[in-house]
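Student: need coordinates for the below:
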Amino acid sequence: MKTKLSVNINKIATIRNARGGNMPNLIQVALDCEKFGAQGITVHPRPDERHIRYQDVRDLKKVVTTEFNIEGYPSESFIQLVKEVVPHQVTLVPDPPEALTSNNGWDTKQHKTFLTDVIAQFHELGIRTSIFVNPDPEMIQHAQVTKTDRVELYTESYAANYLNNREMAIKKFVEAALEAQKLNIGLNAGHDLSLVNLEYFAEQIPGLLEVSIGHALICDALYLGLEETIRQYKQKLS
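Tutor: Sure thing, here's the model as predicted:
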């Protein structure tokens, strides 16, 4: 099974919000990503709506025909939004509202009860769930208890160390992936994956179902164009 590419379009919303109005058109970009081969669209709405707005999520649900993935911290407002929209997948991220970007995985042992309750609510609506975790087999073991469908490996440390020693950078991610396979948990990955480091990651990680990529992909699109950028990212995954 080939790894799917989900494009995170938060950066498109950031550019739009910088000037107000509707340029660039977020909905059109999402449709173009799908037309150019993306197999999913990811959004991460935050309470201050500094990029993706809650209304964007509602509007995207009406038009996205591939996999729609909503990620974020499961506050009460986020939970209600997900229940209203009913995406294909929800990815639970432990970042506080003031965080610039996601910067850590869940401590699934400490927050096991909370995550179990949230996941049960989403499962009632048939929504696939994923928990954002560091590449730590113990965190994946505790994630299994929550009955999550998948975990998403937080790949910042891999990306940061890739150019120095890619074999060492990937090692703990392989161990985490093997643990996920052993426990029959689906595996996603994301954060700072790029055209530079994606191919090696996809080659080395067993059972990788999906990667979610936003910042690097949108930056590359400024030079290569969106269609060519998506083509190159999918090529790295193939």
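
Student: so how far is residue 188 from the residue sitting nearest the centre point of the chain?
Tutor: The residue lying closest to the centre of the chain (CA atoms, centre = their mean) is residue 212, at 4.1 Å. To residue 188, residue 212 is 7 Å away according to CB to CB, to the nearest Å. Using the backbone N, CA and C atoms, a C-beta is placed for each residue, glycine as well.

Student: next: residue 30.
Tutor: Distance from residue 30 to residue 188, by CB to CB: 19 Å.

Student: doesn't residue 133 make contact with residue 115?
Tutor: No. If you go by CB atoms under 8 Å, residue 115 and residue 133 don't touch, sitting 10.6 Å apart.

Student: shared neighbours, these two?
Tutor: Residues touching both residue 115 and residue 133 (CB atoms under 8 Å, 6 or more residues apart in numbering) are 106, 108, 143.

Student: from those residues, which single one is nearest residue 19?
Tutor: residue 106 (35.4 Å; CB to CB).

Student: circling back: overlap in contacts of residue 212 and residue 188?
Tutor: Common contacts of residue 212 and residue 188, defined by CB under 8 Å, 6+ apart, comprise 91, 152.

Student: and the next element down the chain from the helix or strand hosting residue 80?
Tutor: Per DSSP states H and E: residue 80 is located in helix 76-85. Counting by DSSP H and E, the element after helix 76-85 in chain order, helix or strand, is strand 89-92.

Student: so where's the protein uncertain?
Tutor: Applying pLDDT under 70 to the chain flags residues 1, 96-103.

Student: can you show me the helices along it?
Tutor: Using DSSP state H, the helices of the chain run over 10-19, 26-35, 54-63, 76-85, 112-123, 137-145, 156-161, 166-182, 198-204, 215-224, 226-237.

Student: want to throw those helices into TSV with distance to residue 69 and mean neighbour count?
Tutor: Below are these laid out as TSV (distance: least, CB to CB, whole Å; neighbours: other CB atoms under 10 Å):
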stretch	distance to residue 69	mean neighbour count
helix 10-19	12	17
helix 26-35	12	19
helix 54-63	11	15
helix 76-85	11	16
helix 112-123	12	16
helix 137-145	17	19
helix 156-161	19	17
helix 166-182	18	18
helix 198-204	18	18
helix 215-224	15	17
helix 226-237	16	18
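
Student: turn these into TSV, columns for distance to residue 42.
Tutor: Shown next, in TSV, are the helices of the chain (distance: least, CB to CB, whole Å):
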stretch	distance to residue 42
helix 10-19	8
helix 26-35	10
helix 54-63	10
helix 76-85	13
helix 112-123	16
helix 137-145	20
helix 156-161	16
helix 166-182	20
helix 198-204	15
helix 215-224	11
helix 226-237	13
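
Student: many thanks, I have nothing further to ask.
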